[in-house]
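In: Curious how this folds, go ahead:
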Amino acid sequence: MTVRPIVKFPDPRLRAIAESVTSFDADLHSLAADLLDTMRAASGVGITAPHIGVPKRLVVIELLAPNGARTYVNPTIIWASPEMIRHQEGSVSMPGVMEEVERHARIRVSYRDLSGVEQIEEADGLLAVCCQHEMDQLDGIFWIQRVSRLKRDRLIKQYAKLNAS
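Out: Residues are numbered from 1 along each chain as shown. Below you'll find the predicted structure:
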């Protein structure tokens, strides 16, 4: 497949709400494969189609787990635990900066697989964090919007400094 260019912060496409996928065809399979290759090349654990400039509700996550890469089409959180956890987050669209973000400890996600079959999955820990992070991106919420204004400003300055050369 293909490693595609990643849209970098502060590109306005990262703030756009992604469109639902309606066609479960070879193009969708190809896009999902490109996302996986692009994410691996960027040393990420999660990526969305908007990260490569495609405004579709498609997420690929790959953690160090026996299940390998997971693909979520049109994902929706249908339940979230009241318990919260904090985890270091970053983005392939803003490499080099990370900050702790608070998220629900456990979630239930409804989504379609690449064949269009509806699935429901429970996630906790890092997988729950990644799902929430990537689904935020599909809704045009870039991860730094989940931290305080002070931390956000610091992250933006840090990122600018990293890219000044």
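
In: helix or strand right after the biggest strand by length in the chain?
Out: Secondary structure of the chain per DSSP state E: the longest strand is strand 69-80. Scanning forward in sequence from strand 69-80 by DSSP states H and E, the next helix or strand is strand 84-89.

In: how distant is that next one from the center of its chain?
Out: The chain centroid and the centroid of strand 84-89 are separated by 15 Å, computed with Cα atoms, centre = their mean, to the nearest Å.

In: Equivalent analysis for stretch 86-103, please.
Out: Distance, centroid of stretch 86-103 to centroid of chain: 11 Å (Cα atoms, centre = their mean).

In: Report the rounded mean pLDDT for that stretch.
Out: The pLDDT scores in stretch 86-103 average 97.

In: Show me which residues of that stretch are buried.
Out: 87, 89-95, 97, 99, 101, 103 (16 or more other Cβ atoms under 10 Å). C-betas here are computed from N, CA, C, even on glycine.

In: Surely Val21 is in a helix?
Out: No. Val21 sits outside any helix when classified using DSSP: H, G, I helix; E, B strand; the rest coil, being coil.

In: what about the residue nearest to it when sequence neighbours are not counted, how many residues close to it?
Out: Distances taken as Cβ to Cβ, 6 or more residues apart in numbering place Val73 nearest to Val21, at 5.0 Å, with adjacent residues excluded. As a burial measure, Val73 scores 23 neighbours (other Cβ atoms under 10 Å).
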